[in-house]
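Asker: Provided below are the primary sequence and the corresponding predicted coordinates.
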Amino acid sequence: MNFLNEVANHYPDAVSLAAGRPYEEFWDLAELPRYLARFSEYLRTDLGYGEERVRRTLFQYGRTKGIIHELVAANLELDEGITVDPESIVVTVGCQEAMFLTLRALRSDPRDVLLAVSPTYVGLTGAARLVDMPVLPVASG
């Protein structure tokens, strides 16, 4: 990972997907205060949180499933027509955590295996290794 980060730093105009790095041009530091203010207002207005609870939500450890589950559920219904209980939504810090949680939830038998196109994303094989699930290659095409 250090090597990949060094290469990315050496070639800042290249968009590298190797290290799982998000494209930094999408980040606008000047917008962060506006995003924080908008989310704080959502907590106050839509969820009815008082100032103490807003601060606690923003600055303390909270739900391990994330704190925007109501927003995700509302957007799924609005954009996709999918109605889902907000409590069934798990917000992860990235796809690797999501893959690990999914594999851990789906694995019910020691004989379970994961079929993956070969070659596959190394993060998938790492997540499978963490749940002791063999990965079997499947040809693509």
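Answerer: Thanks, I have it.

Asker: which parts of the top helix by length along the chain are buried?
Answerer: Taking DSSP state H as the criterion, the chain has its longest helix at helix 32-45. Buried residues in helix 32-45, counted by 16 or more other C-beta atoms under 10 Å: 39-40, 43. Heads up, the C-betas are built off the backbone N, CA and C, glycines and all.

Asker: any idea of the mean pLDDT for it?
Answerer: Averaged across helix 32-45, the pLDDT comes to 95.

Asker: just the CA trace of it, in CSV.
Answerer: Presented in CSV, the C-alpha positions along helix 32-45 are these (Å, rounded to 0.1, in the frame of the first residue of the first chain):
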residue,chain,number,x,y,z
LEU,A,32,-17.4,21.0,4.3
PRO,A,33,-18.8,23.7,6.6
ARG,A,34,-22.0,23.8,4.4
TYR,A,35,-22.4,20.0,4.5
LEU,A,36,-21.9,20.0,8.3
ALA,A,37,-24.4,22.8,8.7
ARG,A,38,-27.0,21.1,6.5
PHE,A,39,-26.6,17.8,8.3
SER,A,40,-26.9,19.5,11.7
GLU,A,41,-30.0,21.2,10.5
TYR,A,42,-31.5,17.9,9.4
LEU,A,43,-30.7,16.4,12.9
ARG,A,44,-32.4,19.4,14.5
THR,A,45,-35.4,19.9,12.2
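
Asker: for the spatially most central residue of the chain, what are phi and psi?
Answerer: Centroid-nearest residue in the chain: residue 94, 3.0 Å away (criterion: C-alpha atoms, centre = their mean). Dihedral angles of residue 94 (phi, psi; degrees, to the nearest 10) stand at phi 170, psi 180.

Asker: quick check: angle from the helix or strand that the longest helix of the chain is followed by to helix 32-45?
Answerer: Beyond helix 32-45 on the C-terminal side, the first helix or strand identified by DSSP states H and E is helix 51-59. Put simply, helix 51-59 runs at 130 degrees to helix 32-45, going by axes from the mean of the first three to the mean of the last three C-alpha atoms, to 10 degrees.

Asker: so that it lines up with my notes, have the first residue be 13 from now on.
Answerer: OK, 13 is where the count begins now, so the last one is helix 63-71.

Asker: can you give me the helices for this protein?
Answerer: 14-22, 44-57, 63-71, 81-87, 107-118, 134-142.
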